[in-house]
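1. Compute the structure for the input listed below.
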Amino acid sequence: MNIEDRLVKEAHLLLHPTRYRIAELLAEKPRHINELIAALGEDRRLVSYHLLTLEEHGFVSSKFDFPQEPRANRKAGKKYGVTDKGRISYQFLILEEEGLLGDDREISQLQGLKGKVMRKYSVTEKAEEALSELKNRA
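-> Residues are numbered from 1 along each chain as shown. All right, here's what the predicted structure looks like:
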């Protein structure tokens with residue numbers, strides 16, 4: 001599979017309603033799976049499946065988290081957060097949906113994140129042109 005096909009497939013991953021909502025929740029703050037299950041109102045297996053898919057494609061990462069207080073009511077477990085790749089993909093989907101890119105400071109922050117993601121994930125020129133087109137629409 002070439003890079004362009006992979007990018008199309010990966011973009012499609014975030015367009016799934018449950019995955020999109022997971023990205024939205026994780027963009028707010030890192031969360032444990034139980035928090036995601038409660039917010040989504042979905043079955044644990046379904047949420048786990050979508051988290052694994054997002055993690056395999058670099059949109060989400062996880063780390064093992066221990067409660068800060070020794071007698072906390074929750075157990076140790078994985079805490080999920082959105083990656084730079086996931087954040088920039090999610091942000092551009094939102095901005096495209098709203099038809100705007102925000103103020104200059106937001107654009108600057110998004111462009112900085114975009115550059116970091118592009119270097120790390122080797123985004124093609126075609127994707128760069130699409131992102132530039134989004135910026136020019138604002």
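2. In this protein, what residue spans correspond to strands?
-> 31-32, 60-65, 77-82 (DSSP state E).
3. Format these as TSV; extra columns: mean pLDDT and mean neighbour count.
-> Yep, even glycine has a C-beta here, placed from its N, CA and C like the rest. Output for the strands of the chain, formatted as TSV (pLDDT from 0 to 100; neighbours: other CB atoms under 10 Å):
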stretch	mean pLDDT	mean neighbour count
strand 31-32	93	18
strand 60-65	88	15
strand 77-82	89	18
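4. How many residues are close by residue 90?
-> 20 (other CB atoms under 10 Å).
5. Give the closest residue to it in space, chain neighbours not counted.
-> residue 23 (4.5 Å; CB to CB, 6 or more residues apart in numbering).
6. Now do the one you found, the pLDDT please.
-> Looking at residue 23, its pLDDT stands at 88.
7. measure residue 62 to residue 15 for me?
-> 22 Å (CB to CB, to the nearest Å).
8. Check residue 58 too.
-> 16 Å.
9. quick one: which of these two has more around it?
-> Neighbours were counted for residue 58 and for residue 15 using other CB under 10 Å; residue 58 has more, 16 against 9.
10. The more buried one is in contact with residue 86, isn't it?
-> Yes - taking contacts as CB atoms under 8 Å, residue 58 lies within contact range of residue 86: 7.3 Å.
11. Let me see the contact set for residue 90.
-> Counting by CB atoms under 8 Å, 6 or more residues apart in numbering, residue 90 makes contact with 14, 20, 23-24, 27, 59, 82.
12. Write the PyMOL selection for whichever of those are buried.
-> Entered in PyMOL, the line below selects the buried ones among the contacts of residue 90, by 16 or more other CB atoms under 10 Å:
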select buried, resi 14+20+23+59+82
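13. Please flag which of the contacts of residue 90 sit within helices.
-> When DSSP state H is applied, those are split such that 14, 20, 23-24, 27 fall in helices.
14. Sweet, I'm off.
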